[in-house]
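Q: just coords:
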């Protein structure tokens, strides 16, 4: 039943916090006191007190507590006053077997409905309970009520200190809960930011290391043969007899510098081998969990769900954890960018034909064929602001781990990225 418009014109009397079973007799007492002061007949006072206490019990059971506002409103009998009770649950409906109709047919609701003039109920699973009812019958004129308000409040607030403390305690606990949640979220956010910053630094270090190593190998390749030829010729000439002192001195200087160049070449070549110092045995499943946790704020922002299908036993690989994490993170970022809001990303890890593997599957629009043909080449991107270097870097990292990367995509059905690692690391 809908409440009539008279409930819009109300004078607030008291608000009560409902948190525990011991609040039921308190609510009953307050409701009875208000009814007495408004001079309701004895039977009506009993009906009001009983309805208020039973409604309080229902709010505790179904919504784990809540609030009760008691107000005075114009009565159905012209010019008289009525009482208006408004219960609001604290949490979504709990323990409800069905929706509003089932609740309306319950004995409690039927009883309240029978003794009240009007009643309104909202009781849907997952939403806080809302119950309002109105009782007319007070002989006090609606226009006289303001003059009675002071007496009413003095009587109701005899236990003001206890009531204020209860209300303050409830608000204090709510503030503490919110602060705790906020602190936890800030902690998680700061942790994610630190991990992203570390990954960014790792990426910069990786790019620098790669640049230096590739430059070193190119220089070594260009210098190696000429240095060996020059050094060999100088050595051969020095072995000949009859060289004058000045020429022998010059040949000795050439031979010495050629040997120095050969040493530099060996040093440049060693740059490519230094990366092996960072290789170690890792569990691919744990590495994927770390990547997912790092990227969780971005996933939550798009309401994306991640389903993991990991082998029950450890999936051991030889890897540089930081650089491989950069590659996997980039793949996951591409998948989350491509996925629609509320979509699902499936990540698998296990063994296939004794070879460790991982896959990342999204349900995005797929990659166009013209992009797929050039995906692992520089300056190719599906994003307006992309540099096109991401997948090229991923391919380099994957190959450094002696692994293979494969991309399967179909327009409208999503993209699946697979990385297959070697069964045994080749030294």
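A: Noted; the coordinates are in hand. This is a predicted model, so every value here is computed, not measured. Residues are numbered from 1 along each chain as shown.

Q: can you list the domains in the protein?
A: 5-143, 193-272, 280-420 (automatic domain parsing).

Q: which of these has the lowest average pLDDT?
A: Mean pLDDT is lowest for domain 193-272 out of the domains of the chain, coming in at a mean of 72.

Q: can you pull out the strands in the chain?
A: 11-18, 66-74, 80-92, 118-122, 128-141, 280-283, 305-310, 316-319, 344-352, 355-361, 404-410, 414-420 (DSSP state E).

Q: of all these, which lies closest to residue 370?
A: strand 404-410 (12.3 Å; Cβ to Cβ). C-beta coordinates here come from the backbone N, C-alpha and C atoms, glycine included.

Q: please tabulate the domains of the chain in TSV, including the columns mean neighbour count.
A: Putting the domains of the chain into TSV (neighbours: other Cβ atoms under 10 Å) gives the following:
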stretch	mean neighbour count
domain 5-143	18
domain 193-272	14
domain 280-420	17
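
Q: can you redo these as TSV with distance to residue 175?
A: TSV is the format used below for the domains of the chain (distance: least, Cβ to Cβ, whole Å):
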stretch	distance to residue 175
domain 5-143	14
domain 193-272	26
domain 280-420	25
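
Q: and of these, who's closest to residue 184?
A: domain 280-420 (13.5 Å).

Q: what about the closest one, start to end distance?
A: One end of domain 280-420 sits 18 Å from the other (Cα to Cα, to the nearest Å).

Q: now stretch 279-299
A: Stretch 279-299 has an end-to-end distance of 30 Å (criterion: Cα to Cα).

Q: ok, residues contacting that stretch?
A: Residues external to stretch 279-299 that are found in contact with it (Cβ atoms under 8 Å, 6 or more residues apart in numbering): 188-189, 192, 195-196, 199, 306, 308, 310-311, 314-321, 324-325, 328-329, 332-333, 336, 345, 347, 349, 356, 358, 421, 425.

Q: next: stretch 237-253.
A: For stretch 237-253, contacts defined as Cβ under 8 Å, 6+ apart pick out 234, 255.

Q: now that stretch: how far from the chain's centre is it?
A: 76 Å (Cα atoms, centre = their mean, to the nearest Å).

Q: with stretch 395-408 instead?
A: 29 Å.

Q: how long is that stretch end to end?
A: Stretch 395-408 has an end-to-end distance of 15 Å (Cα to Cα).

Q: which other residues reach it?
A: For stretch 395-408, contacts defined as Cβ under 8 Å, 6+ apart pick out 206, 210, 275, 317-320, 323-324, 326-327, 367, 372, 375-376, 394, 415-422, 425-426.

Q: now with 7 Å, please.
A: Outside stretch 395-408, the residues within contact range by Cβ atoms under 7 Å, 6 or more residues apart in numbering are 319, 323-324, 326-327, 372, 375-376, 394, 415-422, 425-426.

Q: stretch 414-423 now?
A: Identification of contacts with stretch 414-423 by Cβ under 7 Å, 6+ apart yields 317, 331, 338, 354-364, 366-367, 398, 401-409.

Q: measure the nearest residue to residue 311 once chain neighbours are set aside to residue 424 for me?
A: Nearest non-adjacent residue to residue 311, counting by Cβ to Cβ, 6 or more residues apart in numbering: residue 350, 3.7 Å away. Applying Cβ to Cβ, to the nearest Å, the value for residue 350 to residue 424 is 17 Å.

Q: how much space separates the residue sitting furthest away from the middle of the chain from residue 250?
A: Going by Cα atoms, centre = their mean, the residue of the chain most distant from its centre is residue 242, 83.3 Å out. Plainly put, residue 242 is 15 Å away from residue 250 if you go by Cβ to Cβ.

Q: try residue 140
A: Separation of residue 140 from residue 250 (Cβ to Cβ) stands at 124 Å.

Q: and if you look at residue 61?
A: Counting by Cβ to Cβ - residue 61 and residue 250 are separated by 103 Å.

Q: go on, residue 173?
A: Per Cβ to Cβ, residue 173 is found 91 Å from residue 250.

Q: likewise for residue 239?
A: 15 Å.

Q: same check on residue 323?
A: In terms of Cβ to Cβ, residue 323 sits 48 Å off from residue 250.

Q: repeat that for residue 29.
A: Applying Cβ to Cβ to residue 29 and residue 250 gives a distance of 115 Å.

Q: skipping adjacent residues, who's closest to residue 51 in space?
A: Closest residue to residue 51 apart from its sequence neighbours, by Cβ to Cβ, 6+ apart: residue 112 at 4.7 Å.

Q: list the contacts for that neighbour?
A: 51, 54-55, 119, 133.

Q: please identify which of the residues you listed is nearest to residue 21.
A: The closest of these, once distances to residue 21 are taken by Cβ to Cβ, is residue 54, at 12.8 Å.

Q: from what I see, the closest one and residue 107 are in contact.
A: No - Residue 54 lies out of contact with residue 107 (Cβ atoms under 7 Å); the separation is 9.2 Å.

Q: go ahead and confirm residue 62 touches residue 129.
A: Yes - in this structure, residue 62 is within contact of residue 129 by Cβ under 7 Å, at 5.2 Å.

Q: give the burial count for the closest residue to residue 354 other than its chain neighbours, as a bare number.
A: The shortest distance from residue 354 to any non-neighbouring residue, by Cβ to Cβ, 6+ apart, is to residue 423 (4.9 Å). Look at residue 423: counted by other Cβ atoms under 10 Å, it has 10 neighbours.

Q: can you offset everything so residue one is 735?
A: Renumbered: residue one is now 735, and that last one reads residue 1157.

Q: distance check, residue 1157 against residue 808.
A: 84 Å.

Q: OK, contacts around the residue lying closest to residue 886 once chain neighbours are set aside?
A: In space, and not counting its chain neighbours, residue 886 is closest to residue 771: 5.0 Å by Cβ to Cβ, 6+ apart. With contact taken as Cβ under 7 Å, 6+ apart, residue 771 is in contact with 882, 885-886, 889.

Q: identify the farthest-apart pair in the contacts of residue 846.
A: Most distant of these, by Cβ to Cβ, are 788 and 853, 12.5 Å apart.

Q: helices of the stretch 835-984 of the chain, start to end?
A: Remark: helices assigned in the stretch 835-984 of the chain by DSSP state H, counting those that start in this stretch are 841-849, 879-890, 894-973, 979-1005.
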